[in-house]
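Undergrad: Predicted model and sequence below, questions to follow.
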Amino acid sequence: MFHIRTFYIHVIMAGWFYIVLLLIPQLQAQETATCNTPWNITFQNSLYVKWDGADRTVDVQITVKPDTGENKDDTTGCNEQSHLTSFNIKKLLIDPLCSNKTHWLEAGLICEDKRLVQIKKLTIQTDYVETPYNVTILGLFNCDCVSKGKLCAPPYYARLHQCTPAGKAMYNNQSVICLLEVEPELSNVPFAGLCGVLGLCPGASRSGNIPIGSHQMGKQMPSAPINLTEKHVTNTSITIEWDCPEFPNGPILDYVVQFLESPNGTLMEKNITENSTILENLKPYTLYTIRVAARTETGIGSFTEDLEVQTGVGVPGLPINISAVINATSIILDWDRPEIVPGILMDYQVTWGIRGTPTSLVVIDSNTHHYDAVGLRPYTDYHFEIAARTEAGAGIAETLAIRTGIAAPSSPRKLSVSEKHDSSIHLNWIPPEHPNGPDLIYRVEWIDMANNSAVMETNSTSCAVTSLNPSTNYSIAVMAMTRAAEGPWSESLSVTTNEKRHTRNPHFVLALVLGIMLPLLTILLIVGFIIAKRKGLFDDFRQRSRESSQEMVPQRPTIEMVSNEKIARSFTVHNFIQKVNTITRYGKSGFLQEFEELKRESSEHSTNAAKIEENLIKNRWVKILPFDHSRVKIYPDGTANRSNFINANYIPGENHIIEYIATQGPLPNTVNDFWTVVWQQSVPIVVMLTQCVERAVKNCEKYWPASGESKLYGDIRVQTKQETILTSHIMRVFLVQYQNQQRHIVQMHFTTWPVSGTPRNPVDFLHFIRLVREQVSDRRPGPILVHCSAGVGRTGTFIAVDRLMQHLQTNDEIDIYNTVLEMRRYRPHMVHTMEQYVFIYSCIQQLIQDSSEPQENIYDTVA
C-alpha cells in the first residue's frame, strides 16, 4: 500500500482467459501461467480464442452465450455473441463479456456445404470487476512500488472503463490501478508499462474508452523470486528451487544464482533459465549462503533473502606431518589432525602388517595422534596405512613403507665338518633363521683341550681352519654378526684332527740323510766357493738377491680369513713416550722405516666392482678403489638400472665390527648416492675433514643446502636446520626426509686441517674427536661416516686416533702400527702419508701427557 497525495492506492489486475481452439484434432481450453509469460492469466471480461491447423478455405464460427440459470430472461445486459471468421486467421478476441458470469462457448467449422460442424463446447466463468466512474488521471508513479499490480509482456495494451453513477461503490472509494494485456496486434501503441490512478464509483455499466498514450512509463526491474528453498542436500551439492517473481515487469531472460561459502568465501555465480538448479562441487560440512534474482532486458532485479544451507558430512583428508621412530622391534608413528575435517572426527584407523601377509586394523581415539607397533621382526619391511574417519566414512589413507632396524642375528645352524686333516678342518654351516640385517659376518672360534683358542672372521658360510695340531681335539663354534650387534654362538662341535702319518722313524731317516749328505756337501761347497770367488760371481749374486727379496711380498689374507698374527709393536702407556723418543732419536727415519714396513705388510684385495665401466666415473681418484669384500653396497630402491656401487668401505672399530664407513668426498654425480648410503646405513654422524676447494682444486662437492634452506637429492630431501661456526670446526644439523620418515643427522666439519701436511699440534684435533663421540652417544646406532677427498689419508688418521682413544679407556697397551695395518685390510692406503702416521703418534703422546697432569686420570681424559 502506498500513499500518493490523499489517496490510498490498491492494485487489481485484470487477467486473461486464453482458450485455444484446436480444430485439428480438437478444441482445447487452457490457462497459461509459465514464468516466461507470468502475465498470461485470465482476462476478467474478455475472451481470447486461438486455434491451430493447416490453412484451409473454411470459416470458423464461435458463439458465446451467458448462462442465465432458471431465469432465462435475466441476462443483466449480457447478450449472446456469435462471431464468424476465416479459419486461417487462427485467433479471435471476444470483448466484452459480462463480469462474474458463466458463459457457454460453442466453436465449429462452416464446411463447404454450409453445414456447421460442432467441434467443442466449453464453459467459461468470468471474474467480477467493478468499473471505474468519472475517470481522472491523478498522476503517474513507479509501478515497482505497487503491491498488487503486475506488468505485462511488451508491447502492452490496457483499456480503462468509465462507470455510471448507478451501481455499488468498491474499495471504499479508494483508487486502483488496472494493467491489462491483450495481443500485440490489438494495439498500435507499444508500452513499457502503464500506471494510472482511477477514482471508483458505484455501478457496473460500461461507457467509452480512455486514451492510453498519455499513460506510458519507462521499463521497470523485476521483483525478487519467491519461495526459495533447498530441496536436496549432499556433502558436495545443494539443489534449490524457487517461484517466479510476483512482479516480473517484463519477460524473464534467466535467473542469477549467487552463493558463497560462509562467512568469508568467494562469491560464485551462475545463470539459470529454469526455476531450479544444483550447486555442485561444494565443500562438505560447509555453510553456504544462497540468493536468487531474476533478469529481464532491463537488468537484474531484486535478490531474494539469503538462504543458508549446510552441506552434509564428508570424509576427512589425509593425516599430516607423519613421522616414525624406528628401531629393530618397534615402530612409533606420530601424526597431526588432517587439515580438512568435514564433520566431527570420530577416530583414526591404522592398518599395518608385513608385506604380503594379512594386516591388522587398529582403531585409535580421535584425540590420540600416535601408535606404537611393538614386537616386530628386525630388518623387515612393514606396510602402514593411516586414515581419519567421520560419520561419512574413512578418508584416503596415508601409506608408509617402513623397514625395521638391524638387530643381532640368531645363531648359525647345522655346523658340520666337510673335510678333516692332521692340521686343518673344513667347516660348513647354514645361515641364521633370522639374519635381522644385511651383510652378515661370521666369527669362528676353536679351543683345544689346553684352552688355547683362536678366532677368524668370514662373510662366507664355510671356511678352512688351519695350523692345527695333529691328533688334537678341538671345540668349534660359530656366531653371526650384523653391524648392530653380535648374535649367540652356535652349538659347539667337537672335532679331533687326524694323526700325522709316518712311513719310517723320523730319527732314523734324519741320521741316514745327514751321514751321507754332509761330507759330500762340504766338499762341494768348498770347491764351489773357490771357483765363484775367482770369477767374481758373488757381486752379481748379491744384486739379484736384493732385487728378488724386494719382489717377494707375502700374500695377505682376505676379509674372509683375517689373521690374528701381529708384529709386536705395542707399548704400554707408561713407556710409550720413551719408545717414541727412541724411534725419533734420529729424526723421522725411525718412523720412515716403520711406515715402509707398514706399506709392505698392507693387504691387497680385489677391486673388481670399482673397475666396471659404469662405475669408473664414480671414483674420484683412479688409484683409490674400494676392496670388494668390504665395500658398502647401495640397497635396491626401485630405481631402474641403478648401480649398487659407491667408493666406500666398512671399517671395524673398537666397539663394533662395522663402526665406520670410510668414503671419498662426493662427486657431482655421486651426491645422491652419498645421501642414499647415509639413509640406508642409519648414519647418525657425518665427519668431514676437507674443504670443498683447496688451492683451486675441488676436493669435494658441496652436498648440503645453505642454512635454513632445503634441497632434494634424488628421493631424499635435506634441510639445513642449524649451522654453528666455531674456531676449528663447524657443526651442522640436517633434517633428512625420505618418503614419510625423517631423521636429524649431524655433520662435524673440521676446518683447520692444512692444505698440505698435518695440523701443527694435536690439541684441536683431539678436542674435535671428543665432540664427535659426544654426538654419537646421544643418537641411534649406525656407523660414523668419515670422508675427506680420497677417503684414505685424513679419514684414516681420524679413525685411527678415535679407535686408539676408545682402546685406552679399557687397556693400558697401545699399538699404532697394527691399528693402521688392520684398517688397511678393509680399505687401501688408509693413513696415506708418513706425516699422517707420525701425527697419530703425536696425538697419542699428547693424550698420555694430558693424562699425566696432577689429579687427572687418563680414562677421564679420553672419555
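TA: Good, I have the coordinates. Numbers count the residues shown, from 1 in each chain.
Undergrad: where does the stretch 601-750 of the chain have low pLDDT?
TA: 638-641 (pLDDT under 70).
Undergrad: Now do the helices in it.
TA: In the stretch 601-750 of the chain, the segments counted as helices under DSSP state H, counting those that start in this stretch are 608-611, 613-616, 671-680.
Undergrad: out of the ones you listed, deepest packed?
TA: Ranked by mean neighbour count, these are led by helix 671-680 with a mean of 22 (mean count of other Cβ atoms under 10 Å). Any C-beta I mention is one placed from the backbone N, CA and C, and that applies to glycine too.
Undergrad: and it, what does it pack onto?
TA: With contacts taken as 3 or more Cβ pairs under 8 Å, 6 or more residues apart in numbering; DSSP states H and E, helix 671-680 sits against strand 645-651, strand 660-663, strand 710-713, strand 716-725, strand 729-738.
Undergrad: Nearest to residue 361, out of the helices of the stretch 601-750 of the chain?
TA: Closest to residue 361 of those, according to Cβ to Cβ: helix 671-680, at 29.7 Å.
Undergrad: who touches the closest one?
TA: With Cβ atoms under 8 Å, 6 or more residues apart in numbering as the test, helix 671-680 has contacts from 618, 632, 634-635, 637, 646, 648, 661, 663, 666, 683, 686, 701, 703, 713-714, 716, 718, 736, 738, 743, 745, 785.
Undergrad: Could I have the buried ones of these as ChimeraX selection syntax?
TA: The following ChimeraX line selects those of the contacts of helix 671-680 that are buried, judged by 16 or more other Cβ atoms under 10 Å:
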select :618,632,634,646,648,661,663,666,683,686,703,713,714,716,718,736,738,743,745,785
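Undergrad: As JSON lines, the helices and strands packed on helix 671-680 with distance to residue 49 would be great.
TA: What follows is the helices and strands packed on helix 671-680, written out as JSON lines (distance: least, Cβ to Cβ, whole Å):
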{"stretch": "strand 645-651", "distance to residue 49": "98"}
{"stretch": "strand 660-663", "distance to residue 49": "102"}
{"stretch": "strand 710-713", "distance to residue 49": "81"}
{"stretch": "strand 716-725", "distance to residue 49": "82"}
{"stretch": "strand 729-738", "distance to residue 49": "83"}
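Undergrad: got the residue ranges for the strands in the stretch 551-700 of the chain?
TA: Along the stretch 551-700 of the chain, counting by DSSP state E, counting those that start in this stretch, strands occupy 571-572, 631-633, 645-651, 660-663, 685-688, 693-694, 697-698.
Undergrad: what packs against the second one?
TA: Looking back up the chat, that one is strand 631-633. Using 3+ Cβ pairs under 8 Å, 6+ apart: strand 631-633 touches strand 645-651.
Undergrad: Now whichever helix or strand residue 231 is part of - C-alpha only, PDB.
TA: Residue 231 belongs to strand 226-233 when assigned by DSSP states H and E. What follows is strand 226-233, C-alpha atoms only, in PDB (Å, rounded to 0.1, in the frame of the first residue of the first chain):
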ATOM      1  CA  ILE A 226       9.700 -16.000  -4.100                       C
ATOM      2  CA  ASN A 227       9.700 -19.300  -2.000                       C
ATOM      3  CA  LEU A 228      13.500 -20.000  -2.400                       C
ATOM      4  CA  THR A 229      14.100 -23.400  -0.700                       C
ATOM      5  CA  GLU A 230      16.600 -26.200  -0.700                       C
ATOM      6  CA  LYS A 231      15.100 -29.500  -2.000                       C
ATOM      7  CA  HIS A 232      18.100 -31.900  -1.600                       C
ATOM      8  CA  VAL A 233      21.400 -31.700   0.100                       C
END
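Undergrad: Return the distance of stretch 230-238 from the chain's centre.
TA: From the chain centre to the centre of stretch 230-238 is a distance of 31 Å (Cα atoms, centre = their mean, to the nearest Å).
Undergrad: buried stuff in it?
TA: 230, 233, 235, 236, 238.
Undergrad: got the contact list for the nearest residue to residue 365 once chain neighbours are set aside?
TA: In this structure, residue 365 finds its nearest non-sequential neighbour in residue 347, 6.0 Å apart by Cβ to Cβ, 6 or more residues apart in numbering. Neighbouring residues of residue 347 by Cβ under 8 Å, 6+ apart: 363, 364, 365, 366, 388, 389.
Undergrad: How about residue 631?
TA: So residue 631 contacts 609, 610, 645, 646, 648, 649, 650 (Cβ under 8 Å, 6+ apart).
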